[in-house]
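# with the input below, show me the fold.
(chains A and B)
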2 protein chains.
Amino acid sequence: MATSPPAEIGMRLEDIDTPALLIDLDSFERNLRRMVDSLRGLPVRLRPHAKTHKCPQIALRQIALGAVGVCCQKVSEAEALVEGGVNDVLVSNEVVGARKLDRLAALAHRAQVAVCVDDAANVDELDAAARKAGVRFDVLVEIDVGAGRCGVAPGRPALALAQRVLGRENLRFAGLQAYHGAAQHLREGSARRAAIGAAVGRVRDTVQLLADHGIGCTWVTGGGTGTYLLEAASGAYQEVQPGSYVFMDADYARNLDAPEASPRFELSLFVLTTVMSRPSVDRAVVDAGLKASSVDAGLPLVHDRPGLIYAQATDEHGILRAAPGAALPTLGEKLLLVPGHCDPTVNLYDWYVCVRAGRVEALWPITARGAVG
Amino acid sequence: MATSPPAEIGMRLEDIDTPALLIDLDSFERNLRRMVDSLRGLPVRLRPHAKTHKCPQIALRQIALGAVGVCCQKVSEAEALVEGGVNDVLVSNEVVGARKLDRLAALAHRAQVAVCVDDAANVDELDAAARKAGVRFDVLVEIDVGAGRCGVAPGRPALALAQRVLGRENLRFAGLQAYHGAAQHLREGSARRAAIGAAVGRVRDTVQLLADHGIGCTWVTGGGTGTYLLEAASGAYQEVQPGSYVFMDADYARNLDAPEASPRFELSLFVLTTVMSRPSVDRAVVDAGLKASSVDAGLPLVHDRPGLIYAQATDEHGILRAAPGAALPTLGEKLLLVPGHCDPTVNLYDWYVCVRAGRVEALWPITARGAVG
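A predicted model of the protein is given here:
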């Protein structure tokens, strides 16, 4: 851990050094419970995506509330999660190359590990790594259900890959990864329903084709915060993978939700920032720029201060402007920003500063921060 | 340090785990020498900006070649640099709040520390912190020479602030910070010359006004990689602060340089990435997305592979397309990416993997990574 935490337990909110990444524990805990409540009675398991939070303390809280385990995208994330006590991890992504696969196999001695494939040669190197380490991997065939990223085409290509997995001694064909990432941020509920409707059709066709060839498939997994209730209600998925619901962000807040399609998750993640310059009447400068809040999905929003606009981010500075009639903050004043996109913003910090009732209650290290490998 | 390095010394380039942040040592060392050569005979000192590299090993190399010290933007960056052996640091930014100022004052016991101000109340809290710690700060008054970010207006407001600094026992008025950040990336050389010409006029007027009031000013500092030769040749600056020249990036490569205005710095920073999915004939997917290369100034470029286009970044994936006639890379193939913007990309990694002649020669920890406070 390169940097020391910007706060101490018991400290008042206003004394926290900035920029700091804050969790509002009340909102965060309500989000965790709302997710579980929203799935009650539906025939799916919850496997939250840890790529959002990168933190074993949060993963363990999700599991304590009923999640079967977590997902992550990288072997190094899986390592940090298992090191932190998580015992069931799905790497919802392809893992390529001997060095990474050896590490994944070593991890399979310590926890339940599953991984995705979308390539025949990769199936072979996965089997070789598992054999070498004396383990057996659960393998999901990833199908492209509309996102246009990884995954083989549904139907025959998926069948061929499943058959190849079945022919390998150190692999177990576990099911299908069918995640539609691009659908999560379609703004209109109707567009999200259409996209997931099409994805469900592709899943059903593939599961039927597998059945026609004597291959059972009881683990279909996918569905993010923007659509998971659609996958959960479809009957075609046995597991959902929402991640962002724990925090939410400015980008998700732009989704126009059909009330029946999503519970009201709350913003629970903030960047605490200080006004460090008031050089003119037309602007205030805060100490949180693009190294403190990822701008890939837009600039952060100023929380709970109507008329105050975060207008520009440079590396270490943010420039605030005031709408007509609104006042700019004074030098030294602290403000809360809502990140544009939670996952890559979390990736900029080593610590969560967890706050309740205006006091620091906990400090959680973000041990899978920077775990890109 | 959360993550272990993705390579070992002596390893071949092709065996490095990905994504990894690579320095091409030959190009990097040529950049360091070219900067020194380009300033020979000009009446300015070199104080490179360490916000780019965040690494004491690099700062010490710059100082060994003649730099007087380094700049940084944050107290926590200064702490990491001093911890790594750097003994002269200018925080080219305002520092606000008692906790941060106490840390800065503590640092002034261990190294030569200077800091900028643009506010009268901040002068007072700076003096109080220095008195409490029993140190004396060198203070530069920051003037806004056209960037529209921090800094008081040139002329009378700068004079008033300098006089306030002079009246404080534990502060020494050291000079002016006059950095025009917005000018660095103006694409046309003529536009950069016009912007710096105007900045130089503002500096001269302010220095003259100070002199008229009996205040000597022999430390005017500013100038980034895109313009530093203009400041250096002006006679109005005694110090330049280029940072990005050590690495360069895709954004700086879009500057149209007048050959007389800038030496040819080379790209020396790369993200090594692996093709992790080849799901269809129209795309390859690499393992470096926006958590591996900051996209604030545009997508990365594929290095030395004409016709191959990095078309889209998601959190952990990059999608490559091929121009007509170009071939997509195969599964497992490794490629070099040129980051869109070097500073925030460096901020995503814990280690530089330093390569020469196809082998790993050194691993340098990026100890000021994430030092936003």
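
# ok, now which ones touch the closest residue to A:L21 other than its chain neighbours?
The shortest distance from A:L21 to any non-neighbouring residue, by C-beta to C-beta, 6 or more residues apart in numbering or on different chains, is to A:Y349 (4.2 Å). All C-beta atoms are positioned from the backbone trio N, CA, C, and that covers glycine. The contact partners of A:Y349, taken as C-beta atoms under 8 Å, 6 or more residues apart in numbering or on different chains, are A:20-21, A:366, A:369, B:370.

# now which of those would you call buried?
Burial by neighbour count, judged by 16 or more other C-beta atoms under 10 Å in any protein chain shown, picks out A:20-21, A:366, A:369, B:370 from the contacts of A:Y349.

# could you tell me which of those residues belong to strands?
Of the buried ones among the contacts of A:Y349, the ones assigned to strands by DSSP state E are A:20-21.

# gap between the helix or strand of chain A with the lowest mean pLDDT and the chain center?
Least confident helix or strand, chain A: helix A:250-253 with a mean of 90, by mean pLDDT, DSSP states H and E. Computed by C-alpha atoms, centre = their mean, to the nearest Å, the chain-centroid distance of helix A:250-253 equals 14 Å.

# with stretch A:79-90 instead?
15 Å.

# pull up the distance across that stretch, start to finish.
Start-to-end span of stretch A:79-90 (C-alpha to C-alpha, to the nearest Å) is 12 Å.

# which helix or strand contains A:A128?
helix A:120-133 (DSSP states H and E).

# now for whichever helix or strand comes after that helix, which elements pack on it?
Beyond helix A:120-133 on the C-terminal side, the first helix or strand identified by DSSP H and E is strand A:137-142. Where contact means 3 or more C-beta pairs under 8 Å, 6 or more residues apart in numbering or on different chains; DSSP states H and E, strand A:137-142 is packed against strand A:88-94, strand A:112-117, helix A:120-133, helix A:156-166, strand A:171-177.

# put the alpha carbons of strand A:137-142 into PDB.
Taking C-alpha atoms only, strand A:137-142 is exported to PDB below (Å, rounded to 0.1, in the frame of the first residue of the first chain):
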ATOM      1  CA  PHE A 137     -11.500 -25.700 -13.300                       C
ATOM      2  CA  ASP A 138     -15.200 -24.900 -13.800                       C
ATOM      3  CA  VAL A 139     -15.400 -23.500 -17.300                       C
ATOM      4  CA  LEU A 140     -18.200 -21.400 -18.700                       C
ATOM      5  CA  VAL A 141     -18.400 -20.800 -22.400                       C
ATOM      6  CA  GLU A 142     -18.900 -17.100 -23.100                       C
END
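
# nearest to A:Q62, of the buried ones among the contacts of A:Y349?
A:I366 (15.4 Å; C-beta to C-beta).

# and the closest one, its phi and psi?
phi -90, psi 80 (degrees, to the nearest 10).

# same check on A:E8?
Main-chain dihedrals, A:E8, degrees, to the nearest 10: phi -130, psi 150.

# ok, now A:S234?
Dihedral angles (degrees, to the nearest 10) for A:S234: phi -70, psi -30.

# likewise A:N87?
The phi/psi pair for A:N87 (degrees, to the nearest 10) is phi -120, psi 10.

# who in the stretch 1-150 of chain A is up against chain B?
Applying C-beta under 8 Å from any C-beta of the partner chain, we find that the stretch 1-150 of chain A lies next to chain B at A:1-3, A:6, A:15, A:17-20, A:51, A:73-74, A:76, A:80, A:93-97, A:99-100, A:118-119, A:121-122, A:144, A:148-150.

# list only buried entries from those residues.
Looks like the residues of the stretch 1-150 of chain A next to chain B have A:2-3, A:6, A:17-20, A:51, A:73-74, A:76, A:80, A:93-97, A:99-100, A:118-119, A:122, A:144, A:148-150 buried, using 16+ other C-beta under 10 Å.

# quick check: which ranges of the stretch 201-350 of chain A have low pLDDT?
Scanning the stretch 201-350 of chain A for pLDDT under 70 picks out A:257-262.

# what's the most distant pair in the buried ones among the contacts of A:Y349?
Pairwise across the buried ones among the contacts of A:Y349, and taking C-beta to C-beta, the largest span is found between A:A20 and A:R369, at 14.3 Å.

# identify the residue spatially nearest to the residue most central in space within chain A, adjacent ones excluded.
In chain A, the residue lying closest to the centroid (C-alpha atoms, centre = their mean) is A:T52, at 3.0 Å. Nearest non-adjacent residue to A:T52, counting by C-beta to C-beta, 6+ apart: A:G243, 3.7 Å away.

# now do the helices in chain A.
A:25-39, A:56-64, A:75-83, A:98-107, A:120-133, A:156-166, A:189-212, A:228-234, A:250-253, A:342-346 (DSSP state H).

# okay if I get these as TSV plus distance to B:G224?
Shown next, in TSV, are those (distance: least, C-beta to C-beta, whole Å):
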stretch	distance to B:G224
helix A:25-39	40
helix A:56-64	40
helix A:75-83	34
helix A:98-107	38
helix A:120-133	44
helix A:156-166	51
helix A:189-212	44
helix A:228-234	46
helix A:250-253	30
helix A:342-346	25
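
# for these, which one sits closest to A:R356?
Of all the helices of chain A, helix A:25-39 comes closest under C-beta to C-beta, at 4.4 Å.

# show me what the longest strand along chain A is packed up against.
Determined from DSSP E, the single longest strand within chain A is strand A:269-280. Here strand A:269-280 touches strand A:20-24, strand A:283-286, strand A:334-338, helix A:342-346, strand B:88-94, going by 3+ C-beta pairs under 8 Å, 6+ apart.

# hey, what's the angle from the third one to strand A:20-24? Just curious.
With axes from the mean of the first three to the mean of the last three C-alpha atoms, to 10 degrees defining the directions, strand A:334-338 sits at 70 degrees from strand A:20-24.

# return the distance of stretch A:229-245 from the chain's centre.
Centroid displacement of stretch A:229-245 relative to its chain, using C-alpha atoms, centre = their mean, is 14 Å.

# which parts of it are buried?
A:229-234, A:236-245.

# repeat that for stretch A:134-148.
By 16+ other C-beta under 10 Å, the buried positions in stretch A:134-148 come out as A:135-148.

# nearest to chain B, of those?
Nearest to chain B, judged by C-beta to the nearest C-beta, of those is A:D144 at 6.2 Å.

# so what's the closest one up against?
By C-beta under 8 Å, 6+ apart, A:D144 lies in contact with A:150-154, B:279-280.

# for the least confident helix or strand of chain A, list the C-alpha coordinates in CSV.
Below are the C-alpha coordinates for helix A:250-253, written out as CSV (Å, rounded to 0.1, in the frame of the first residue of the first chain):
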residue,chain,number,x,y,z
ALA,A,250,-23.6,9.9,-12.3
ASP,A,251,-23.7,7.7,-15.5
TYR,A,252,-26.1,5.2,-14.0
ALA,A,253,-28.2,8.1,-12.7
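
# what is it packed up against?
Secondary elements touching helix A:250-253 (3+ C-beta pairs under 8 Å, 6+ apart): none.

# which residues are contacting that helix?
Outside helix A:250-253, the residues that touch it by C-beta under 8 Å, 6+ apart are A:185, A:225-226, A:244, A:265, A:267, A:297-301, A:338-342.

# ok, those vs chain B, which is closest?
Of all these, chain B sits closest to A:H341, with 8.4 Å by C-beta to the nearest C-beta.

# need the contact list for the spatially closest residue to A:R278 that is not a sequence neighbour.
Nearest non-adjacent residue to A:R278, counting by C-beta to C-beta, 6+ apart: A:L331, 4.8 Å away. Going by C-beta under 8 Å, 6+ apart, A:L331 touches A:275-278, B:96, B:119, B:121-122.

# any chance of those residues in TSV, with distance to A:G41 too?
Compiled in TSV, these are given as follows (distance: C-beta to C-beta, whole Å):
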residue	distance to A:G41
A:V275	48
A:M276	51
A:S277	54
A:R278	54
B:V96	52
B:D119	58
B:A121	59
B:N122	58
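
# and which of the residues you listed is nearest B:S38?
Using C-beta to C-beta, A:S277 is the member of those that lies nearest B:S38, at 31.7 Å.
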